[in-house]
Each structure stands twice: as structure tokens, then as C-alpha cells.
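S.K.: Sequence first, then the predicted structure:
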Number of protein chains: 2
Amino acid sequence: MTKTAQGAKKKGWRKAEIIAAAAECFMERGYHATKVDDVAARLGATKGRIYHHYSSKTDLFFDVHREGMARLFAAQAAVVCRGGARDRLIAMLQAHAEAMLTHHTYETVVAQGVQVHRFDQTTPEERETMADLIATRDEFEGLFKSALDAAIAAGEVTPREVSISVKMMLGALQWTLVWYRPRDGETEAERADLARRMVASVIAGV
Amino acid sequence: MTKTAQGAKKKGWRKAEIIAAAAECFMERGYHATKVDDVAARLGATKGRIYHHYSSKTDLFFDVHREGMARLFAAQAAVVCRGGARDRLIAMLQAHAEAMLTHHTYETVVAQGVQVHRFDQTTPEERETMADLIATRDEFEGLFKSALDAAIAAGEVTPREVSISVKMMLGALQWTLVWYRPRDGETEAERADLARRMVASVIAGV
């Protein structure tokens, strides 16, 4: 490894560490009440270390949001399904439910995302970044819309209003942010089991 | 009306006005970043006027939370249904969906409720109030559990894990807090229509 590569790796690692600490701070007290000082204190670092990577709290928030969305997309990219269109949609819901439970901290901050700047004066750059983040969410929802469209086209799911239906399915799974709390020592298998029971209820309807 | 009754009415009205302003402030910036001063500024009042009614920001937050829950219970109390157990459950979901859209501001603060004190040091009194609020939410969820139990017992809904299923149904409808924004001039009929489309998707399953 070259010195530059080592430096880049170290820098990358430090940035990931900052993002993780920031995610916890934003989750615990919300965007507005979190100070860059709080993130630094959590890392046992100086504010300067953070400002070396981030020019503002908003930039830091945006990176936590990006990481949260990246983890949700990664879970979808890993979905393997040999069944039909409906099976595929269910496998996607299962992967999403597990991701929501596993990345609870980041996804809590993602959910704060739109709310945070809803009432704020923002700079043109911030507005542009917000627009990007919202486009990324729409893209994510689009994965499920396509899968549901395909299942309806295949005659495997009864026709319905796709846009609203996807919002309801994802909302059901995402509301875990409010009632679910990760337990110490909780295993991946336990999370997968809870996710299965959640998805079974969503697909059962009423 | 006696002078005392007038005084009480005026006092009551003022308290409702304070709660409404506080709900907006908490929604916009979250519990931790909201100051009693912000609520006073929104009312064009002094901080003293608020401290006349509330000894702390936390007490004010609790009253917003209580009002939000009271509105959800009121919507359920108004449900009239002459059909069977499944029809009754659907009517309850419809009423809840409409209430979530109509009382968006209060319900946003209700959703912040548990999160807010999750990481805080709290006084014994605050812990007691939090326990009350959580009991009230459990009671609310209980209405839907009973209705779903009844529909399953009547053979009108396929058996499933009732507790998780209710969390999924309510979560689907409550996630509107994240994506729905009240429009100026939106009518009750428009909200009822959106609620119907939401409930239709929830009951359709996959």
C-alpha cells in the first residue's frame, strides 16, 4: 500500500467514525439540538478534527443521511430470489425490514431528514443537497413500485394504487423506528425472525 | 355566566392556545431545541404567561402529547359501524387514518414522545408521567387488538400474530407523519378520500 493509499484509508476510517458518532447524537437529541461539540465529545476528539472533514453540522447530517440510504440500497442489492414477481417483492420487504432493525440509528436520522429542513431557511447548496436526498428516497421507493407493478402485471397480486400501497408497506416496516429498540446481544437470526413476522402481517392484509 | 366561569373559560382557552403553539414549535424543531421562549414568541406573549400555566417545558410537552392522544381516542369513540367485526376494524382504521391527517401537528409531537426521554435523565415525576403516556398508547393499541381478535374469532380475518399485525397497520397509517404535508385549503372530504385509499392498501395485503 502506498503512503497516499494509507492516508486515504485512514482518512476514510476517521470519517466513518465521525459519521457513526454523529448518527448517535442526531438520533438522541435531534438535528437542531445537536452541536458539533457533542459529536466531538462522543469521539473524545476536538471540534477541529470534525471541521477538518466537515464544514458544518448540516454537511455532517447530510452524510449520515447518505450512509443510512446507502445501507438500505445495499440490503436491496443483496436480495436473491428465484421465485415469481410476488416472491421477489416479499423478499425485498424482508430485506428492508431486517435493514431497518439492523441500522436503527442511521435510519432514525434518515427519517428526521425531510422534517429537519421543512421549516428552515437554507442556503442554495443545502437546498440542492436536500433535493438529491429526496431524489434518492424516491428512487428507493421506485424499487418497490416496480416490484409491485411487476407482481400485479403477472397476476400474482390484486391490482391497487401502487404509489399509496408502497408508502403503506414501507411505512409499516419503518414505524419500527418508533417502537423497536435494539437489545444488547440481539442476534441477526432474532432480527430476521422479527422481520419475518412483520412482513407476514403486512402481506396478510385484513 | 358567572365571573368565575368566565375566568375559567378564558383560562382554559389560553391553555389550549399555549398547547397549540407549543405543538407547532415542538414539531418544527423537536423537543430538545425548543425553548419556552420560542413558544412565548409564537404567541406574542411573555414567558411569564406560559410559566403561569406550566412549571417547565417538559410539562408543556406532556400536555401536547395528552392532547394528541385525546384526539386519537376521540376519533375512535366516534366510530359508528353496523357491520361485522371486520367492517368495524376497517372503520376504526379509516377513522385513525383521517385523525392522523387532520391532527398532523399534534401527532408529530406524540411520535416524538418516547424518543424524547429515551436518553435523558429524568425526574421521578417525569418518569411517572412518561409511564402514564406509554400506558395510554398501549390502551390505544389495545382497541385495535381487541377489534382484530374479534374479527379473527368471527372467522372474518385470517388468524395471525395480533400484536405485530396491529403495529404494522397503525405504523402504515402513522408513517404519514413523515411523507404527508397538510395543504392550505385542503378539505375534510379530500383527507377522507386519501385515508380511504390508504386503508384500502393496508387491508389488501400483498
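M.R.: Yep, it's here.
S.K.: element containing the residue positioned nearest the centre of chain A?
M.R.: The centre of chain A sits closest to A:Gly68, judged by CA atoms, centre = their mean, with a distance of 3.4 Å. Counting by DSSP states H and E, the element that carries A:Gly68 is helix A:57-77.
S.K.: neighbouring contacts of that helix?
M.R.: Contacts to helix A:57-77, defined as CB atoms under 8 Å, 6 or more residues apart in numbering or on different chains, come from residues A:15, A:18-19, A:22-23, A:26, A:31, A:34-36, A:39, A:50, A:54, A:92, A:95-96, A:98-99, A:102-103, A:106-107, A:109-110, A:113, A:116, A:126, A:129, A:133, A:136-137, A:140, A:143. C-betas here are computed from N, CA, C, even on glycine.
S.K.: Just the buried residues of it, please?
M.R.: For helix A:57-77, the neighbour count (16 or more other CB atoms under 10 Å in any protein chain shown) marks A:57-58, A:60-69, A:71-72, A:75-76 as buried.
S.K.: Repeat that for stretch A:143-157.
M.R.: By neighbour count, and taking 16+ other CB under 10 Å as the criterion, the buried residues in stretch A:143-157 are A:143-144, A:147-148, A:150-152, A:156-157.
S.K.: Determine if any part of it is in contact with chain B.
M.R.: Yes - contact between stretch A:143-157 and chain B, assessed by CB under 8 Å from any CB of the partner chain, occurs at A:148, A:151, A:157.
S.K.: Looking at those residues, spot the one nearest chain B.
M.R.: Using CB to the nearest CB, A:Val157 comes nearest to chain B of the residues of stretch A:143-157 next to chain B, at 5.8 Å.
S.K.: dump the residue contacts of that closest one.
M.R.: Residues in contact with A:Val157 (CB under 8 Å, 6+ apart) are A:85-86, A:89, A:148, A:151, B:206.
S.K.: and the gap between A:Gly171 and chain B?
M.R.: Counting by CB to the nearest CB, to the nearest Å, the gap from A:Gly171 to chain B is 3 Å.
S.K.: Excluding chain neighbours, what is closest to that residue?
M.R.: Nearest residue to A:Gly171 in three dimensions, chain neighbours excluded: B:Trp175, at 2.7 Å (CB to CB, 6 or more residues apart in numbering or on different chains).
S.K.: How many neighbouring residues does the one you found have?
M.R.: For B:Trp175, the count of nearby residues is 25 (other CB atoms under 10 Å in any protein chain shown).
S.K.: re the thing from before, what separates the residue nearest to the centre of chain A from chain B, distance-wise?
M.R.: Going from A:Gly68 to chain B by CB to the nearest CB gives 14 Å.
S.K.: Same question for A:Gly84.
M.R.: Distance of A:Gly84 to chain B, computed by CB to the nearest CB: 12 Å.
S.K.: Look up the closest residue to that residue, ignoring the ones flanking it.
M.R.: On the basis of CB to CB, 6+ apart, the spatially nearest residue to A:Gly84 that is not a chain neighbour turns out to be A:Glu156, at 5.7 Å.
S.K.: Let me see the backbone angles for that neighbour.
M.R.: Dihedral angles of A:Glu156 (phi, psi; degrees, to the nearest 10) stand at phi -100, psi -10.
S.K.: State the pLDDT value of the residue nearest to A:Gly171.
M.R.: The predicted local distance difference test score for B:Trp175 is 97.
S.K.: before we move on, the earlier item: spatially, which two of the buried residues of helix A:57-77 are the most separated?
M.R.: Considering CB to CB, no two members of these lie farther apart than A:Lys57 and A:Gln76, which are separated by 29.5 Å.
S.K.: which of the contacts of A:Val157 lies closest to A:Arg181?
M.R.: B:Val206 (27.1 Å).
S.K.: tell me which element A:Gly155 is part of?
M.R.: Under the criterion DSSP H and E, no helix or strand holds A:Gly155.
S.K.: Equivalent analysis for A:Gly113, please.
M.R.: Counting by DSSP H and E, the element that carries A:Gly113 is helix A:104-116.
S.K.: any bit of that helix sitting next to chain B?
M.R.: Yes - residues of helix A:104-116 contacting chain B under CB under 8 Å from any CB: A:108, A:111, A:114-115.
S.K.: what's the farthest-apart pair in these?
M.R.: A:Thr108 and A:Val114 (13.5 Å).
S.K.: Compare neighbour counts for the two and give me the winner.
M.R.: A direct count of neighbours by other CB under 10 Å for A:Thr108 and A:Val114 places A:Thr108 higher, at 21 against 16.
S.K.: which residues sit in contact with the more buried one?
M.R.: Under the contact definition (CB under 8 Å, 6+ apart), the residues listed for A:Thr108 are A:23, A:26-27, A:177, B:115.
S.K.: Of these, just say which sits nearest to A:Met169.
M.R.: When the contacts of A:Thr108 are compared for distance to A:Met169 (CB to CB), A:Leu177 wins out at 15.3 Å.
S.K.: mean confidence score for stretch A:27-39?
M.R.: Confidence over stretch A:27-39, taken as the mean pLDDT, stands at 92.
S.K.: Repeat that for stretch A:178-189.
M.R.: Taken as a whole, stretch A:178-189 carries a mean pLDDT of 93.
S.K.: Relative to the whole chain's centre, how far out is it?
M.R.: From the chain centre to the centre of stretch A:178-189 is a distance of 16 Å (CA atoms, centre = their mean, to the nearest Å).
S.K.: Give the buried residues for that stretch.
M.R.: Residues of stretch A:178-189 classed as buried by neighbour count (16+ other CB under 10 Å): A:Val178.
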